[in-house]
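# the following comprises the amino acid sequence and a computationally predicted model.
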2 protein chains.
Amino acid sequence: MPRTIDHEARRARIGEAVWRLVLREGVGAVSLRTVAAEAGLVLGSLRHSFPTKAELLAFAMGLAHERAAARVARHDAEPDPRRRVDGALHELLPLDDERTVEMRVHLALMAEGPRHAELTALSDAAHDAIAGLCRRCLHELREAGLVAGRRDLAREAVALHALVDGLALHAMQDAARRPAAVRALADHLDALATEPPRRP
Amino acid sequence: MPRTIDHEARRARIGEAVWRLVLREGVGAVSLRTVAAEAGLVLGSLRHSFPTKAELLAFAMGLAHERAAARVARHDAEPDPRRRVDGALHELLPLDDERTVEMRVHLALMAEGPRHAELTALSDAAHDAIAGLCRRCLHELREAGLVAGRRDLAREAVALHALVDGLALHAMQDAARRPAAVRALADHLDALATEPPRRP
């Protein structure tokens, strides 16, 4: 048991060291040497776990996604469907510093995609996971009678996902926008109960 | 006249050289030397216009915003309100390679904000410009009778802006999502004509 805990703690220490370097100095400042120094590790020990910069970057991005997914999963036990959906989706909005750091790291590493295919693959996987979460939320709300019959859940999922990511981007840029983001998401979920206009 | 055209062409050549470097090699690869080489200019001539890397980056980001704003403005002459709004907002979605490049450059440079305050200021100004455009679109749609009476335009503007930016992010990551982005925006604008649920 203690060895597992040590292993997890060491991974977190490395991942968060990469995050701090990315946010403070930019992706260009990340190297095995700078990360070892930032994490307070011996270079050889870090190289043993992460032989290349590309692996370090991919690990750091994956850690941000893992953290978000773990927070989302904590809401599974909530029995009220609307509260469960609110709780899960709020984990994707940067409503506190922890989530803001994760999102900044995600975007900075996503911008590295053209040079690191693995980061694009991770970013695509995170996109698909959030798309799946949005579909699941909409299905649960429909089962609870909170989505009007004529709403197409596949199209609603595209819109919900885009709204959440757009609100997240805006709240990340300015913390003063956090309350408006929560309100806009609530308005959107409330409106699902109304019938949409007939499509021609 | 020819001198103005030359001046504009030279600015575009420099700005686009920065864009290519940012997208191909990352912001870390941008320097007066690399930009001069990429643009095919003499270093001293570039330094005369842009003495520092920070000025080059700010200019390159501003150029992306200028291009988008010029495209949006071209729709002002459209007499049909809904077509005018569709046309303007589509300019903010990366529906072709030109808009995709602009958006990638914008995001990559936004991630540099912690090191270049000017980029954060430009990014905030672009956000405010799009927020203003969303408010204007909603006012024009209301005047044309296309927005239900009980809808609060300030709240609708927050949601519309987030939806557009979220759809743009998703279409930028995968061009196959372009048609779904256009459809989701159309659905959203169509739904403005329906009354929202009563707020408690």
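Good, I have the coordinates.
# number of nearby residues for the residue of chain A found nearest chain B?
Here the residue of chain A nearest chain B is residue A:28; by Cβ to the nearest Cβ that distance is 2.8 Å. The way it works is simple: take the backbone N, C-alpha and C, and place the C-beta from them, glycine included. Around residue A:28 there are 16 other residues, counting by other Cβ atoms under 10 Å in any protein chain shown.
# so who does it touch?
B:26-29 (Cβ atoms under 8 Å, 6 or more residues apart in numbering or on different chains).
# residue contacts, the closest residue to residue A:131 other than its chain neighbours?
If you skip the residues right next to it in sequence, residue A:131 has residue A:161 as its closest partner in space, 5.4 Å away by Cβ to Cβ, 6 or more residues apart in numbering or on different chains. By Cβ under 8 Å, 6+ apart, residue A:161 lies in contact with A:130-131, A:134, B:166, B:170.
# just residue A:172 next, same as before
Residue A:172 neighbours (Cβ under 8 Å, 6+ apart): A:94, A:100, A:103-104, A:107.
# list of residues touching the helix or strand bottoming out on mean pLDDT in chain A?
Every helix and strand in chain A was compared by mean pLDDT, DSSP states H and E; the lowest is helix A:2-25, with a mean of 90. Residues from elsewhere that reach helix A:2-25 (Cβ under 8 Å, 6+ apart): A:29-30, A:34-35, A:38-41, A:46, A:49-50, A:56-57, A:59-60, A:63-64, A:101, A:104-105, A:108-109, B:114-115.
# tell me the helix or strand right after it.
Downstream of helix A:2-25, the next assigned helix or strand under DSSP states H and E is helix A:32-39.
# ok, that next one near chain B or not?
No. Figure legend: helix A:32-39 not in contact with chain B (Cβ under 8 Å from any Cβ of the partner chain); closest approach 12.8 Å.
# quick one: average pLDDT of whichever helix or strand comes after that helix?
Proceeding N to C from helix A:32-39, the next assigned helix or strand is helix A:43-49, under DSSP H and E. Across helix A:43-49, the average pLDDT comes to 95.
# stretch A:138-150 too?
Rounded mean pLDDT across stretch A:138-150 is 97.
# for that stretch, C-alpha coordinates in PDB please.
Coordinates of each C-alpha in stretch A:138-150 appear next as PDB, following Å, rounded to 0.1, in the frame of the first residue of the first chain:
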ATOM      1  CA  LEU A 138     -29.300  14.500 -21.500                       C
ATOM      2  CA  HIS A 139     -30.500  10.900 -21.400                       C
ATOM      3  CA  GLU A 140     -30.800  11.000 -17.600                       C
ATOM      4  CA  LEU A 141     -32.700  14.300 -17.800                       C
ATOM      5  CA  ARG A 142     -35.000  12.800 -20.400                       C
ATOM      6  CA  GLU A 143     -35.700   9.700 -18.200                       C
ATOM      7  CA  ALA A 144     -36.500  12.100 -15.400                       C
ATOM      8  CA  GLY A 145     -39.000  13.900 -17.600                       C
ATOM      9  CA  LEU A 146     -36.900  17.100 -17.800                       C
ATOM     10  CA  VAL A 147     -36.400  17.100 -21.600                       C
ATOM     11  CA  ALA A 148     -39.300  17.900 -24.000                       C
ATOM     12  CA  GLY A 149     -40.300  15.000 -26.300                       C
ATOM     13  CA  ARG A 150     -39.400  16.700 -29.600                       C
END
